[in-house]
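Colleague: Take this sequence and fold it.
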Amino acid sequence: MIELHAGQAYCTIHEDVGARLGILRVGDLDLLASRAVPDADDERNDRMLWGSYPMVPWVGRVRDGRFRFDGVDHQMPINLPPHAIHGTAFSAPWTIETRSDHRATLKFDLGHPWPFGGTASQTIELGEDHIDCTLAVTADDRAMPAQLGWHPWFVKPLSASIRMRRMYVRDDVGIPTGELVPTPPGPWDDCFVEPLGPVELHFDALTVTVSSDCDHWVVYDQPAHATCVEPQTGPPDGPNLAPVRLEPGETLSRSMRIAWREPDRESS
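Modeller: Below you'll find the predicted structure:
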């Protein structure tokens, strides 16, 4: 485990479980949900339901774990039946490349069961009022489909400011159809595009802003204990619905910033 420090901010990076942020603490306030998730089985608690982890080389669900690329059908392991979810790296060990008191870079070799090879890297840098995560995936000597993103499980805020123009319609098994509609009121477990303002989570002591150069956002705010705000480069089932192609040696890279400040309060 890696520990980073900057002022009152502290975080842990768990290289053995997907290079995820485990703790992100500012002063006495924990921003991320821990492993102990109510009403979840132990395996899902250990792999999916805590911290903030990178998703690569796809994000969210792939329908039945199957997709077609360059005329060849591929089957990924089913890790949330009946679908494959969140890529291959979020619960696997990563290799630490560099580390300091406030910055670390980790690497993951994409391979079996991913048939295309390639590598992923993530750099995490902690500042006194923010944390930056930069995630990249690079193709080896053959073309490959690719997506990336993050899945932060934030402790349930007092309130949230999440305004998106459009949302993907989901079918009866919860997978986007490709159709976009105006965003209805929440709660949500949905993928959105076109933010209409900053994504903010409001706690008593802090306001947290999540920003990214990703163009898709999944919001899952139905649990009582947590809210997930997930920037990503495409929708769930992306290899089928909106495939992105990396040519040999090409890299896809994006970043996410989680920033915090004292909440805005009206003058008395």
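Colleague: dump the residue contacts of the residue nearest the centre of the chain.
Modeller: The residue lying closest to the centre of the chain (CA atoms, centre = their mean) is residue 150, at 1.4 Å. Applying CB atoms under 8 Å, 6 or more residues apart in numbering, we find residue 150 in contact with 52, 53, 54, 55, 133, 135, 212, 230, 231, 232, 256. Placement of C-beta: from N, CA and C, glycine included.
Colleague: got it, and residue 138?
Modeller: Counting by CB under 8 Å, 6+ apart, residue 138 touches 118, 119, 120, 121, 246, 249, 250, 251, 252.
Colleague: Tell me where the model's unsure across the stretch 1-150 of the chain.
Modeller: For the stretch 1-150 of the chain, the stretches flagged by pLDDT under 70 are 35-46.
Colleague: all helices for this protein, in order.
Modeller: Assigned helices in the chain, in chain order: 42-47, 238-241 (criterion: DSSP state H).
Colleague: Show me what the shortest one is packed against.
Modeller: Going back to what we said before, that points to helix 238-241. On a contact count with 3 or more CB pairs under 8 Å, 6 or more residues apart in numbering; DSSP states H and E, helix 238-241 meets strand 61-62, strand 66-69.
Colleague: Next step: the contacts of residue 150 restricted to strands.
Modeller: Among those, the members falling in strands are 52, 53, 54, 55, 133, 135, 212, 230, 231, 232, 256 (criterion: DSSP state E).
Colleague: top of those by neighbour count?
Modeller: Neighbour counts for the ones in strands among the contacts of residue 150 (other CB atoms under 10 Å) peak at residue 54, which has 29 neighbours.
Colleague: show me the contacts for that residue.
Modeller: Residue 54 touches 18-20, 87, 89-90, 120, 122, 133, 135, 148-151, counting by CB under 8 Å, 6+ apart.
Colleague: how about a cut-off of 7 Å?
Modeller: Applying CB atoms under 7 Å, 6 or more residues apart in numbering to residue 54 gives the contacts 18, 19, 89, 90, 122, 135, 148, 150.
Colleague: quick one: which of the residues you listed is nearest to residue 80?
Modeller: Nearest to residue 80 among those is residue 90, at 11.6 Å by CB to CB.
Colleague: closest one to residue 159 among the helices and strands packed on helix 238-241?
Modeller: It's strand 61-62; of the helices and strands packed on helix 238-241, that one is closest to residue 159 (CB to CB) at 28.4 Å.
Colleague: Show me the contact partners of that closest one.
Modeller: 76, 83, 84, 85, 175, 236, 237, 239.
Colleague: Let's see which of these end up in strands.
Modeller: Per DSSP E, the subset of these in strands is 84, 85.
Colleague: Who wins on neighbours among the contacts of strand 61-62?
Modeller: Neighbour max across these (other CB under 10 Å) = residue 236, 28 neighbours.
Colleague: Hmm, residue 176 and that one touching each other?
Modeller: Yes - if you go by CB atoms under 7 Å, residue 236 and residue 176 touch, sitting 5.8 Å apart.
Colleague: which residues do those two both contact?
Modeller: By CB under 7 Å, 6+ apart, residue 236 and residue 176 have these common neighbours: residue 191.
Colleague: residues contacting the residue nearest to residue 240 when sequence neighbours are not counted?
Modeller: In space, and not counting its chain neighbours, residue 240 is closest to residue 67: 5.0 Å by CB to CB, 6 or more residues apart in numbering. The neighbours of residue 67, taking CB under 7 Å, 6+ apart as the test, are 74, 239, 240.
Colleague: Please report how far the residue nearest to residue 161 when sequence neighbours are not counted lies from residue 33.
Modeller: Of all residues not flanking residue 161 in the chain, residue 200 sits nearest, at 4.2 Å (CB to CB, 6+ apart). Using CB to CB, to the nearest Å, one obtains 18 Å as the distance from residue 200 to residue 33.
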